[in-house]
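Q: quick one, fold the following:
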Amino acid sequence: MNATLAADPAPTGRRALHRRRTRRLLCLVTLLGALLLASAASLAYGAHPVPFDAVWQALVAPAGGEDDIIVRSLRVPRTVLGILAGLALGVGGALMQGHTRNPLADPGLLGVNQGAALGVVTAVVVFDVTALGSYIWFGFAGALVAAVLVFVLGTVRGGATPVTLALAGAAVSALLYGLISAIVLTDRQGMDTYRFWHVGSIAGRELAVAGQLAPFLIAGFVLALANTPGLNSLALGEDVSTALGRNVRRTRLLGIVAITLLVGAAVSACGPIAFVGLLVPHIARVLTGPDYRWLVPCAGLLGAVLVLLADVLGRLIAGDTLEVGILLAAVGAPGFIHLVRRRGLSKI
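A: Numbering: from 1, shown residues only. All right, here's what the predicted structure looks like:
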């Protein structure tokens, strides 16, 4: 009897599953702690450092001093928007790589970045909208229209597949880029606004911007979590996913809607912040494994931590003149090259 129990693989399998689940929970808890520390650093450090006790005082019992104004008026909106943008881009990148089964895919593959850019420059040049809180709605609308156009073109024949979506996204992005160039080259104000927006920044935004986009981000997060079981089955192949009872078309449509809401909101407010949606999912996959139920939230937390730390580092290096998009592009490119070489992604 004892020999039979010893030979039974079920207890060993349950123990391995328990260890894997414990490790994933510990990873999420660690990332939450890292996000809290990064948020505290974002509130405290910059061109004018504020002691942590003064930060706490400014948050709970402000007296109207200089530190209170810096923390509440400048750094709280910047930190909140950095968290939301990082979460959205990290989750959107994980979903995009899962749906396209392409390790080099990022959320901009759906044309969301160029759609948002076209919306911004159209608002500035055609409708003479100059306030950030106003033209981000044009950017969000442009991102939605671009994503819908890509999905329609990608499903003309035989339904949406990773290849048709990638090709449609590349074609739509090229078309929109041409339209953007034609518009901004004829209008100096549009060019200036586009250059500032396209850099990718979380500075200079009011807290109301985060509040305006919060409903879309929340809806996107909910849809993304609901999409994770379908992504797990899609990873086995569309035929296997169908055999398991999944509606592949519905799963892919749900994912595209989630990506569009998340990335469209983040990009319209902050511009296309580079490498977050591309690099973060790979790091999350190393930490949690291929299960998207864990990978997606892990990628979101990693994205938020990365954006905040990059923003703090930029402030420490060059005050407020080095935007987060520039720093992430400079750091993310060699980091991704290292990841490609180490993980063998170039052979996929």
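Q: skipping adjacent residues, who's closest to the residue nearest in space to the middle of the chain in space?
A: Centroid-nearest residue in the chain: Leu89, 0.3 Å away (criterion: CA atoms, centre = their mean). Spatially, and ignoring its direct neighbours in sequence, Leu89 is nearest to Val276 (4.1 Å; CB to CB, 6 or more residues apart in numbering). For every residue, glycine as well, the C-beta is placed using N, CA and C.
Q: what separation do you get for that neighbour and Ser73?
A: Val276 sits at a distance of 26 Å from Ser73 (criterion: CB to CB, to the nearest Å).
Q: more crowded one of the two?
A: A count of neighbours by other CB atoms under 10 Å puts Val276 above the other of Val276 and Ser73, at 32 against 13.
Q: and the next helix or strand past the lowest-mean-pLDDT helix or strand in the chain?
A: Every helix and strand in the chain was compared by mean pLDDT, DSSP states H and E; the lowest is helix 2-7, with a mean of 48. Next helix or strand after helix 2-7 toward the C-terminus (DSSP states H and E): helix 9-44.
Q: and that next one, what's buried?
A: The neighbour-count check on helix 9-44 (16 or more other CB atoms under 10 Å) flags 24, 27, 31, 34-35, 38-44 as buried.
Q: nearest to Ser268 among those residues?
A: Ser42 (21.6 Å; CB to CB).
Q: residue contacts, the closest one?
A: Counting by CB atoms under 8 Å, 6 or more residues apart in numbering, Ser42 makes contact with 75, 78-79, 82, 308, 311-312.
Q: farthest pair within those?
A: Pairwise over the contacts of Ser42, using CB to CB, the maximum falls at Arg75 and Leu308, 10.8 Å.
Q: out of the two, which sits in the more crowded spot?
A: Between Arg75 and Leu308, counted using other CB under 10 Å, Leu308 has the larger neighbour count: 27 against 24.
Q: so the more buried one touches Ile83, yeah?
A: Yes: the pair Leu308 / Ile83 is scored as a contact, 6.8 Å apart, by CB atoms under 8 Å.
Q: between those two, which contacts overlap?
A: 35, 39.
Q: who's in contact with the residue nearest to Leu309 when sequence neighbours are not counted?
A: Using CB to CB, 6+ apart and skipping the chain neighbours, the partner closest in space to Leu309 is Ala38 (5.4 Å). Counting by CB under 8 Å, 6+ apart, Ala38 touches 304-305, 308-309, 312.
Q: from the buried residues of helix 9-44, which is closest to Val124?
A: The closest of those, once distances to Val124 are taken by CB to CB, is Ser42, at 29.0 Å.
Q: please determine how far the nearest residue to that closest one once chain neighbours are set aside is located from Met191.
A: Nearest non-adjacent residue to Ser42, counting by CB to CB, 6+ apart: Thr79, 4.3 Å away. Distance of Thr79 to Met191, computed by CB to CB: 30 Å.
Q: which of those two has more neighbours?
A: Thr79 (25 against 17).
Q: give me the element that one is part of.
A: helix 76-100.
Q: pull the distance from that helix to the chain's centre.
A: Distance, stretch centre to chain centre, for helix 76-100: 2 Å (CA atoms, centre = their mean, to the nearest Å).
Q: contacts for the helix or strand harbouring Val172, please.
A: Per DSSP H and E: Val172 is located in helix 162-184. The contact list for helix 162-184 (CB under 8 Å, 6+ apart) reads 99-102, 105, 108-111, 113-115, 117-118, 121-122, 125, 146, 149-151, 153-158, 190-191, 194, 256.
Q: okay, buried residues for the helix or strand following that helix please.
A: Per DSSP H and E, helix 162-184 leads on to helix 188-199 as the next helix or strand towards the C-terminus. The neighbour-count check on helix 188-199 (16+ other CB under 10 Å) flags 190-191, 193-194, 197-199 as buried.
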